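Participant: Give me a model of this one.
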Amino acid sequence: MPQATIDPALAPQHGLLTLRALEDAGHEAWVVGGWVRDALRGVVAHDVDVCTSAPWPQSKVALEAAGFVVHETGTAHGTVTAVVCGEPVEVTTYRIDGAYTDQRHPDSVTFVTDVREDLARRDFTVNAMAWHPTRGLLDPFGGAKDVAVGVIRAVGDPAVRFDEDALRILRAVRFAARLDFDIEPATQAALRAAAPTLAGVAQERIGTELRGIMVSGRAAWALRHQREVMFAALPELAPMEGFDQRSRYHCFDVLEHTICVMEGVEQLTVGKASERLRWAAMLHDIGKPTSFTVDEAGQGHFYGHPGRGRDVSAILLRRLAIPHELANPILALVRYHDRPCAPKVEPVLKLTASVAAMSGLKRRDEVLELMHELVCLRRADALAKAPAYRIYARELDDHEAVLEKIEREGLCWSTRDLAVSGADVMAACGIAPGPAVGERLSALLADVMAERVPNDRSSLLAWLGRG
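Facilitator: Okay, here's the model as predicted:
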């Protein structure tokens, strides 16, 4: 295989200036980590990390002498952050790590003068390379070859790497998902064996890695092919495996149905699904195993599973420290993914009001975007049923048409969107502030949603005058 090279023109100016400042002060420095990996893939990355022979106080002196602002962001591990051309650049002293008795942090770090020793402590070969615009690529573990063939491989003994920090198990899956790489067999065997140790990892760290898998668009691949790891990270998924739905509507167990729905939302959105839609696709039937009943004819039913799924998902997302602005729309999609709704204006507006309330979204465009995502989820759900029942996916075209009418005509589902206010109600009806004002607005909204009165000021005032 030809020697791998990186075009120096790919390097961002803030990275090159950082190297120059350190080397002008007599220190050795290299660009390391993800930027090197992505540059070998021909992907221009913006974030740059730099490793140097200089102890951090000397790094700080050299960088400040070059006119950069420097923050002491991790000096215990030899790291400072320089602001160069308005961009942050992490600069870290070469180091080796001591034992990881807590399976997260090294008990100690030792600063060294050889960058190869620093690269040897890193997790995967594709992340264990260094680059310099004149010295070229330093690749002691074959990372460039692994990038070229699309493989995630642990540096050294994979069992040792995962024992040092169990989160690397999930990081391997994230990198494979994000880069569309395979996991090398020995590394794969080690991460499966070590998967149970994820139980000792802080949940917010797991949440961060899972979000990385979600935004890759390949969470379905992870759940299908890295099941042990995903179950260790999300134990609530495990009961879905092999769960026979015993229903004529379904030809898959709950887990395979879920994976098909996850694949479906990617196909329906041409790989552009939002993160919240991807989470909802994975979690939409998580309430089924605990909602299962069998009737006298032997048919399985899951009465109330959307509500149960919403409750389970709420606990799960809170545990993973998923932010509310993401979690609440996910919960709305899970809760209403199976809600019966006729493709007519009034029921769709009522459903929209419920989705808006649970999601916490206020702006019309945001709520309507979420409603389109709900239709997408329901369409993917239908396509993952037994063949005879996939026709429902086509029926959802009528729901899309109603949403388009709501958007086009500015139809409302909230009293905030009415063309009159509480003050108008009080003036027109001669009533004082109090619950009666809200009751009149709600009654007025009901007639507007039912298309018995148009949402224009004169019509609404006439309606109030009749009251």
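Participant: only C-alpha atoms for contact and neighbour calcs from this point on.
Facilitator: Will do.
Participant: Could I get the average pLDDT for stretch 425-433?
Facilitator: Over the span of stretch 425-433, the pLDDT mean works out to 87.
Participant: next one: stretch 171-180
Facilitator: pLDDT averaged over stretch 171-180 gives 97.
Participant: count of neighbours near residue 44?
Facilitator: A total of 15 residues lie near residue 44 under the criterion other C-alpha atoms under 10 Å.
Participant: is it true that it lies in a helix?
Facilitator: No - under DSSP: H, G, I helix; E, B strand; the rest coil, residue 44 sits outside any helix and is assigned coil.
Participant: Mind pulling up the pLDDT for the closest residue to it other than its chain neighbours?
Facilitator: Once flanking residues are discounted, residue 44 sits nearest to residue 10: 6.3 Å by C-alpha to C-alpha, 6 or more residues apart in numbering. Listed pLDDT for residue 10 reads 87.
Participant: One more: residue 222?
Facilitator: On the pLDDT scale, residue 222 is placed at 98.
Participant: Residue 52 reaches residue 26, doesn't it?
Facilitator: No - using C-alpha atoms under 8 Å, residue 52 is not in contact with residue 26, being 10.6 Å away.
Participant: Quick one: residues contacting residue 31.
Facilitator: Counting by C-alpha atoms under 8 Å, 6 or more residues apart in numbering, residue 31 touches 15, 19, 48-51, 130-132.
Participant: Pull out the buried members of those.
Facilitator: Listed as buried from these are 15, 19, 48-51, 130-132; burial here means 16 or more other C-alpha atoms under 10 Å.
Participant: Give me the subset of those residues lying in strands.
Facilitator: Judged by DSSP state E, strands contain the following of the buried ones among the contacts of residue 31: 49-51, 130-132.
Participant: and the residue nearest to residue 44, how far is that from residue 200?
Facilitator: Residue 10 sits at a distance of 40 Å from residue 200 (criterion: C-alpha to C-alpha, to the nearest Å).
Participant: More neighbours: which of these two?
Facilitator: Ranked by neighbour count (other C-alpha under 10 Å), residue 10 and residue 200 place residue 10 first, with 15 against 12.
Participant: gap between the more buried one and residue 133?
Facilitator: Per C-alpha to C-alpha, residue 10 is found 10 Å from residue 133.
Participant: Mutual contacts of those two, please.
Facilitator: With C-alpha under 8 Å, 6+ apart, residue 10 and residue 133 have no common neighbours.
Participant: Got phi/psi on residue 339?
Facilitator: Phi and psi for residue 339, reported as degrees, to the nearest 10, are phi -70, psi 120.
Participant: Give me the neighbour count for it.
Facilitator: Counted by other C-alpha under 10 Å, the residues lying close to residue 339 total 11.
Participant: what stretches of the stretch 101-250 of the chain score poorly on pLDDT?
Facilitator: Counting by pLDDT under 70, the stretch 101-250 of the chain has low-confidence residues at 101-108.
Participant: Regarding this structure, what is its longest helix?
Facilitator: In the chain, taking DSSP state H as the definition, the longest helix is helix 364-383.
Participant: Touching that one from outside, list them.
Facilitator: 260-262, 264-265, 268, 277, 280-281, 329, 333, 336-338, 352, 355-356, 361, 389-394, 396, 399-400, 403, 407.
Participant: cool, and stretch 450-458?
Facilitator: So stretch 450-458 is contacted by 345-346, 411-412, 418-420, 447-448, 459-460, 463 (C-alpha under 8 Å, 6+ apart).
Participant: Mind checking which of these are buried?
Facilitator: Neighbour-count burial within the contacts of stretch 450-458 applies to 345-346, 411-412, 418-420, 447-448, 460; the criterion is 16+ other C-alpha under 10 Å.
Participant: quick one: which of those residues is nearest residue 320?
Facilitator: residue 412 (35.0 Å; C-alpha to C-alpha).
Participant: Quick check, the closest one in contact with residue 418.
Facilitator: Yes - applying C-alpha under 8 Å, one finds residue 412 in contact with residue 418, separated by 6.9 Å.
Participant: what's the first-to-last distance across stretch 95-110?
Facilitator: In stretch 95-110, first residue to last residue: 5 Å (C-alpha to C-alpha).
Participant: picking up where we left off before, could the contacts of residue 31 go into CSV alongside distance to residue 122?
Facilitator: Listed next are the contacts of residue 31 as CSV, based on distance: C-alpha to C-alpha, whole Å:
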residue, distance to residue 122
15, 21
19, 21
48, 16
49, 14
50, 14
51, 13
130, 12
131, 15
132, 18
